[in-house]
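Enquirer: Here is a sequence with its predicted model. Questions after.
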Amino acid sequence: MIITGASSGIGEASARLLAAKGAKVVLGARREDRLKQLVEEIRSIGGQAVGQVMDVVNPSDNSAIVEFAKEHFGRVDVIFLNAGLMPSSPLSARKTDEWNQMVDVNIKGVLNGVAAVLPTFADQKPGHVITTSSVAGLKAYPGGAVYGGTKWFVRDFMEVLRMESAQEGTNIRTATIYPAAINTESLDTITHEGMAEGMTALYQQYGISADRIANVVAFAIDQPEDTNVNEFTVGPTAQPW
Ligand code: NDP
């Protein structure tokens, strides 16, 4: 199983849980030190893990991690396209570099990952693509125009992937996860002062652990092959969004 964005937060928690359940995990992210440490920790308790530095924005890095996974473990059953960032801000702040960064990582990163793994999944039948969208991909909120837009994209894209793979007989399984406020490093990507303060307060009140999302990823993988689990919304029910 490949996990992008495995160096912290939801990806890291998922790697730990799934490795503990016996999955052979292939971890991708940019921070090599964090990946190495996690791989060592998983191995030290008997799990099977390898890591490869990658930037999801580069198509070649995505192809490389698929090949790396096949070299180490022979096949790829699941890819969890989870890498993403959330530098939310009001549009009037015109943080256009951050808009572009979110489009590159949150949208193109998912496209690159799927493009890299599709031929393998088409040969193997089936494969499983899991993505991390967000409640921001279901509900609009001030400050979340671009971030939310990238997550709406993930929702639509995954729905079409499911339909087309059913039509084409590759039967790729899909699961799109819609977390709400998860206490990870994602808030660190917010550079707009007012937004950072507001989101920090919101997360302090409503945030839940990344382990909760890891459980959802494990649940999706555990479903029988003839079940297509498409959507999970995980978060406190009192979520104000
Ligand atoms: P973190 O910031 O803890 O994790 C983000 C991960 O993405 C890191 O491992 C980071 O690794 C990786 N990443 C970022 N950019 C790239 C890149 N260009 N190439 C490869 N890896 C990259 O936050 P979360 O765990 O919260 O985020 C995981 C996903 O969950 C994201 O898609 C986020 O949008 C989504 N999400 C988060 C929510 C939350 O409340 N936290 C709510 C809803 C969805 P590195 O920097 O080492 O590359």
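Expert: On my side now, so go ahead.

Enquirer: what distance separates the start and the end of stretch 185-192?
Expert: 16 Å (C-alpha to C-alpha, to the nearest Å).

Enquirer: Please apply the same query to stretch 179-191.
Expert: 22 Å.

Enquirer: Does the ligand have contacts with that stretch?
Expert: Yes - using C-beta under 6 Å from any ligand atom, stretch 179-191 comes into contact with the ligand via P179, A181, I182, T184, E185, S186. Bear in mind the C-beta positions are built from the backbone N, C-alpha and C, glycine included.

Enquirer: Can you give me the neighbour number for the fifth one?
Expert: Read it as E185. Other residues within reach of E185, judged by other C-beta atoms under 10 Å, total 13.

Enquirer: Give me the residue ranges of the protein where confidence is low.
Expert: Scanning the chain for pLDDT under 70 picks out 226-241.

Enquirer: Quick one: name the residues of it near the ligand.
Expert: When proximity is defined by C-beta under 6 Å from any ligand atom, the chain lies next to the ligand at 4-11, 29-31, 34, 54-57, 82-86, 105, 132, 134, 179, 181-182, 184-186, 210.

Enquirer: which of these are buried?
Expert: The neighbour-count criterion (16 or more other C-beta atoms under 10 Å) marks 4-11, 29, 34, 54-57, 82-86, 105, 132, 134, 179, 181-182, 184, 186, 210 among the residues of the chain next to the ligand as buried.

Enquirer: Grab the most central residue of this protein for me.
Expert: Taking C-alpha atoms, centre = their mean, the centroid of the chain lies closest to N82, which sits 1.2 Å from it.

Enquirer: how far away is the residue located most distally from the centre of the chain from the ligand?
Expert: Distance from the C-alpha centroid of the chain, by C-alpha atoms, centre = their mean, peaks at S92 (28.4 Å). S92 is 22 Å from the ligand, where distance means C-beta to the nearest ligand atom, to the nearest Å.
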